[in-house]
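Novice: What shape does this take:
(one chain, ligands or ions: 1)
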Amino acid sequence: MTEQEINQLRDLRREISTTKKRILALQEEMKQLEDTIYSKCEHEWEKDLANVGEHTEYICLKCNLSKK
Ligand SMILES: [Zn+2]
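Specialist: Residues are numbered from 1 along each chain as shown. This next block holds a predicted model:
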């Protein structure tokens, strides 16, 4: 174990922490933009065949968002 290794580990932890915050900020930005697009789009719903689960999901052909 060297001082360099300890410093490297500390730097990695900082970078992960910074990156996580950045991801959260980007996710929030994306969510807001999706809300904006969702409210403006004149949706054209189609069954989402890629997501066949317990209930049928619909996805918009124009904005690619799922039906709420
Ligand atoms: Zn739409």
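Novice: The least confident helix or strand in the chain by mean pLDDT pairs with which strands, and in what direction?
Specialist: Sorting the helices and strands of the chain by mean pLDDT, DSSP states H and E puts strand 45-52 at the bottom, at a mean of 84. For strand 45-52, the paired strands and their directions (DSSP bridges) read strand 56-60 (antiparallel).
Novice: Show me which positions of the partner strand end up buried.
Specialist: 59-60 (16 or more other Cβ atoms under 10 Å). Heads up, the C-betas are built off the backbone N, CA and C, glycines and all.
Novice: Report the rounded mean pLDDT for that strand.
Specialist: For strand 56-60, mean pLDDT is 92.
Novice: again, but for stretch 5-21
Specialist: Computed over stretch 5-21, the mean pLDDT rounds to 98.
Novice: The ion contacts on this protein?
Specialist: 41, 43, 60, 62-63 (Cβ under 5 Å from the ion).
Novice: So which residues make contact with the least confident helix or strand of the chain?
Specialist: The contact list for strand 45-52, computed with Cβ atoms under 8 Å, 6 or more residues apart in numbering, reads 56-61, 66-67.
Novice: Also stretch 35-43?
Specialist: Contacts of stretch 35-43 (Cβ under 8 Å, 6+ apart): 60, 62-63, 65, 67-68.
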